[in-house]
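This is a predicted model, with the sequence first.
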Protein chains: 2
Amino acid sequence: MAADNLIDGRAIAEQIHAETSQRVAALKQRSITPWLKFIRVGEDPASKVYVGMKERTSARLGIHSDTAVLPESTSEAQLLELIRKANADPAVHGILVQAPLPAHIREQVVFATVSPDKDVDGFHPVNVGKLMLGADDGFRPCTPAGVHELLIRSGVSTAGAEVVILGRGNIVGKPMAAILCQKDKHADATVTICHSRSRQTAAHCRRADIIIAAMGVAEFLKADMVKPGAVVIDVGVNRISDPTAKTGSRLVGDVDFAAVQPIAGRITPNPGGVGPMTIALLLQNTVKAAERATG
Amino acid sequence: MAADNLIDGRAIAEQIHAETSQRVAALKQRSITPWLKFIRVGEDPASKVYVGMKERTSARLGIHSDTAVLPESTSEAQLLELIRKANADPAVHGILVQAPLPAHIREQVVFATVSPDKDVDGFHPVNVGKLMLGADDGFRPCTPAGVHELLIRSGVSTAGAEVVILGRGNIVGKPMAAILCQKDKHADATVTICHSRSRQTAAHCRRADIIIAAMGVAEFLKADMVKPGAVVIDVGVNRISDPTAKTGSRLVGDVDFAAVQPIAGRITPNPGGVGPMTIALLLQNTVKAAERATG
């Protein structure tokens, strides 16, 4: 088992953080502090963890953040009002509303209310549209953009490669496909999107040069579904029960890592692969928003 | 050679026109006449033909249209000013700026200036984004939406099907992929997008249940690239030289129709396949815009 086939997401995220820090320093020389506003509704434990990690990394890079914590009972109208205030506040450069939201609040309405210029998550329809159109003046969603950077900075060439994406969600699968099929030397892949209704997912995976697993099914990708030498990127975060764990459960990805790693040419660990990249791209987007807003 | 495997785009377009006419009549009972504004810049011969066809079909369905014809020398700023006037005019429900535009005008800027509520071509980033997100409150681009309707109304099931799309353009390829991979009983396909940088396009085509050819390469899809019984949709419109033709040239699709028809399960003729559907969806979008604007 060759440990040297790992794609180190933490190290690559640190490269991006270093670049972001320099851009923050340049803004501060102009007396501008990039400001990222988090909005969290309710007490979803995972959301608390994620927002906490983003807050700490922001602080480390010199980005100012504040977090509005709203009760579970908050109405959609109240949340939209708060977003509109942040949209109108020139000191705020980026706004992130942490998903998932309580069931009585429509996520798509919320994401479409964030000003496209402050939409550092890349979820506003206009930014999604710009991504699909190949325009470079929008914000790309952080996880697929993070996977893209991971491939580029690992020296994995996508041009002409057979890429299979597992999952067709709005946050990863669909934008990932849009990014990788673009006419661009860092894209130009032949992309296939498989999902729960696909009938030949294993066969597609077996012919893939690059597999990006974002289905949300614990350890879905098995060793016999991977061509020797293929690049495997694991986006999944699934909680499974584990009686031997202190909490009775543990997190696993969409890839059966122990079995797949010896076969893969390159593979992301999980954790330590895609996760850190998502935060790196979020903070890169935030600095970009601050740079644009301040000329 | 079985002629009964043809998918008759003209007949299916007429079904949609009949539905659109009924909706026009219902609007007229409320003293509302749907109004579609065409804007054409320069004297591109194909654009003149296309706009003329759309004008005549509008009139036949009771949709009012007018066409602003601007000289080739029109500046981008002048064109944007005209679009903004049409955006602000409550009598105008739909706006279509005919592509291609002269080289000094940026198409993406023009398309993004049309109000999303009047964007019956479905080219505004916010409508592109809504399409990708699976939201149903936008306007879908007419050609891929037309192909989708053609499949549905021909009884071609896409759920679980292997679909290969040839071409990754913003007008057909990319939105077509987004439509067919959605979680929906009329979509749910396993979609592969091939393009000029793909290395195994023929192999992908040979395994496809449905091939949608939108590459813009004359008669690209040959008989040996098609699985017997596959459904073949030809979106291409290519002018090739033909010394035997009066004009010295003729139009052909992206499919070698004579060779592929005997092998295909179902196939669109070209012309008479996708073309009429594009206009049908444009006028359906126009009536939808008028209905929405007038409550």
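Looks like it came in fine. Numbers count the residues shown, from 1 in each chain, chains lettered A, B, ... in the order given.

Okay, now stretch A:22-37: how far is its last residue from its first?
21 Å (CA to CA, to the nearest Å).

What of stretch A:259-268?
Criterion CA to CA; first-to-last residue distance in stretch A:259-268 is 13 Å.

buried ones in that stretch?
Judged by neighbour count (16 or more other CB atoms under 10 Å in any protein chain shown), stretch A:259-268 contains these buried residues: A:260, A:261, A:263, A:264, A:265, A:266, A:267, A:268. In this view, the C-beta of every residue, glycine as well, is placed from N, C-alpha and C.

Tell me which two of those residues sit farthest apart.
Farthest pair in those (CB to CB) is A:263 and A:268. Separation: 14.3 Å.

Would you check which of the buried residues of stretch A:259-268 are in contact with chain B?
Among these, none lies close to chain B by the criterion of CB under 8 Å from any CB of the partner chain.

Okay, and which of these map to helices?
Counting by DSSP state H, the buried residues of stretch A:259-268 place residue A:260 in helices.

TSV for the buried residues of stretch A:259-268, including pLDDT and distance to residue B:248?
Below are the buried residues of stretch A:259-268 laid out as TSV (pLDDT from 0 to 100; distance: CB to CB, whole Å):
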residue	pLDDT	distance to residue B:248
A:260	98	58
A:261	98	62
A:263	97	57
A:264	98	56
A:265	98	53
A:266	98	54
A:267	98	57
A:268	98	57
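
Closest to chain B out of the buried residues of stretch A:259-268?
Set against chain B, the nearest of these by CB to the nearest CB is residue A:265 (17.6 Å).

Helix, strand, or coil at the closest residue to that closest one other than its chain neighbours?
Counting by CB to CB, 6 or more residues apart in numbering or on different chains, residue A:265 lies nearest to residue A:229, which is 4.0 Å off, once chain neighbours are set aside. Following DSSP: H, G, I helix; E, B strand; the rest coil, residue A:229 is assigned to coil.

So residue A:229 is in contact with residue A:211, correct?
No. With contact defined as CB atoms under 8 Å, residue A:229 does not count as touching residue A:211 (11.7 Å).

Neighbour count for those two, which is higher?
Neighbours per residue (other CB atoms under 10 Å in any protein chain shown) separate residue A:229 from residue A:211, with residue A:211 holding more: 28 against 11.

Show the model's pLDDT score for that one.
If you check residue A:211, the pLDDT there is 99.

Excluding chain neighbours, give the residue nearest to residue A:237 in space.
residue A:251 (5.9 Å).

Contacts only, for the residue nearest in space to the middle of chain A.
In chain A, the centroid-proximal residue (CA atoms, centre = their mean) is residue A:143; its distance is 1.5 Å. By CB atoms under 8 Å, 6 or more residues apart in numbering or on different chains, the contact set of residue A:143 is A:171, A:172, A:214, A:235, A:274, A:277, A:278, A:281.

And residue A:34, by the same measure?
Residue A:34 touches A:24, A:27, A:62, A:63, A:64, A:93, A:94, A:286, A:287, A:289, A:290, counting by CB under 8 Å, 6+ apart.

Which positions within the helix or strand harbouring the first one qualify as buried?
Using DSSP states H and E, the element containing residue A:24 is helix A:9-29. When burial is assessed from 16+ other CB under 10 Å, helix A:9-29 yields the following buried residues: A:9, A:12, A:13, A:16, A:17, A:20, A:21, A:23, A:24, A:27.

Save these as a markdown table, and put in distance to chain B too.
Below are the buried residues of helix A:9-29 laid out as a markdown table (distance: CB to the nearest CB, whole Å):
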| residue | distance to chain B |
| --- | --- |
| A:9 | 26 |
| A:12 | 25 |
| A:13 | 26 |
| A:16 | 25 |
| A:17 | 29 |
| A:20 | 26 |
| A:21 | 31 |
| A:23 | 26 |
| A:24 | 29 |
| A:27 | 27 |
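
closest to residue A:112 among these?
Checking the buried residues of helix A:9-29 against residue A:112 with CB to CB, the nearest one is residue A:20 at 26.8 Å.

Please enumerate the helices of the stretch 151-295 of chain A.
With DSSP state H, counting those that start in this stretch, the ranges of helices along the stretch 151-295 of chain A come out as A:173-180, A:201-207, A:257-260, A:274-293.

Of those, flag the one that's most buried.
Of all these, helix A:173-180 has the most neighbours on average by mean count of other CB atoms under 10 Å in any protein chain shown, namely a mean of 26.

these two touch, right, residue A:287 and residue A:62?
No. Under the criterion of CB under 8 Å, residue A:287 makes no contact with residue A:62, lying 9.6 Å away.

Give me the common contacts of those two.
Joint contacts of residue A:287 and residue A:62 (CB under 8 Å, 6+ apart) are A:24, A:34.

still on that earlier bit, now name the helix or strand holding the residue nearest to the centre of chain A.
Using DSSP H and E, residue A:143 maps to helix A:142-153.

cool, residue A:36 as well?
Residue A:36 belongs to strand A:35-41 when assigned by DSSP H and E.

so what strands line up beside that strand?
strand A:64-70 (parallel), strand A:94-97 (parallel) (DSSP bridges).

CSV please, covering the ones you listed and showing distance to residue A:196, mean neighbour count and mean pLDDT.
As requested, the strands paired with strand A:35-41 are exported to CSV (distance: least, CB to CB, whole Å; neighbours: other CB atoms under 10 Å in any protein chain shown; pLDDT from 0 to 100):
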stretch, distance to residue A:196, mean neighbour count, mean pLDDT
strand A:64-70, 33, 16, 98
strand A:94-97, 27, 26, 98
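
how about the ones you listed in TSV, adding distance to residue A:185?
Formatted as TSV, these follow (distance: least, CB to CB, whole Å):
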stretch	distance to residue A:185
strand A:64-70	35
strand A:94-97	29
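
Can you check which of these gets nearest to residue A:79?
Of all those, it is strand A:64-70 that lies closest to residue A:79, at 6.7 Å by CB to CB.

Would you mind naming what in chain A lies close to chain B?
A:108, A:124-135, A:138, A:159-160, A:162, A:168, A:170, A:174-175, A:177-178, A:181-183, A:188, A:190-195, A:197-201, A:204.

hmm, which of these are the buried ones?
Buried residues within these, counting neighbours by 16+ other CB under 10 Å: A:108, A:124-135, A:138, A:162, A:168, A:170, A:174-175, A:177-178, A:181-182, A:188, A:190-195, A:197-198, A:201, A:204.

Sort out for me which of those residues are in strands.
Using DSSP state E, A:162, A:190, A:191, A:192, A:193, A:194 are the members of those that sit in strands.

Which residue, other than its chain neighbours, is closest to residue A:240?
Excluding the flanking residues, the one nearest residue A:240 by CB to CB, 6+ apart is residue A:218, at 5.1 Å.

The one you found contacts residue A:237, correct?
No. Residue A:218 lies out of contact with residue A:237 (CB under 8 Å); the separation is 9.6 Å.

so what sits against both of the two?
The contact sets of residue A:218 and residue A:237 overlap at residue A:253 (CB under 8 Å, 6+ apart).

what sits against the residue lying closest to residue A:182 once chain neighbours are set aside?
In space, and not counting its chain neighbours, residue A:182 is closest to residue A:134: 5.1 Å by CB to CB, 6+ apart. By CB under 8 Å, 6+ apart, residue A:134 lies in contact with A:182, A:183, A:184, B:170.

Residue A:295: which of those is nearest?
Nearest to residue A:295 out of these is residue A:184 (CB to CB; 27.5 Å).

Now that closest one. Nearest residue, chain neighbours left out?
That would be residue A:134: by CB to CB, 6+ apart, it lies 7.6 Å from residue A:184.

next one: residue A:168
According to CB to CB, 6+ apart, the nearest residue to residue A:168 is residue A:195 (4.4 Å).

The one you found contacts residue B:182, doesn't it?
No. Between residue A:195 and residue B:182 there is no contact under CB under 8 Å: 9.6 Å.

what do those two both touch?
A:168, B:188.

With residue A:56 as the reference, measure out to residue A:229.
Distance, residue A:229 to residue A:56, by CB to CB, to the nearest Å: 37 Å.

An error on my part: the question was meant for residue A:114.
23 Å.

between these two, which one's more packed in?
Using other CB under 10 Å as the criterion, residue A:114 and residue A:56 rank with residue A:114 on top: 25 against 11.
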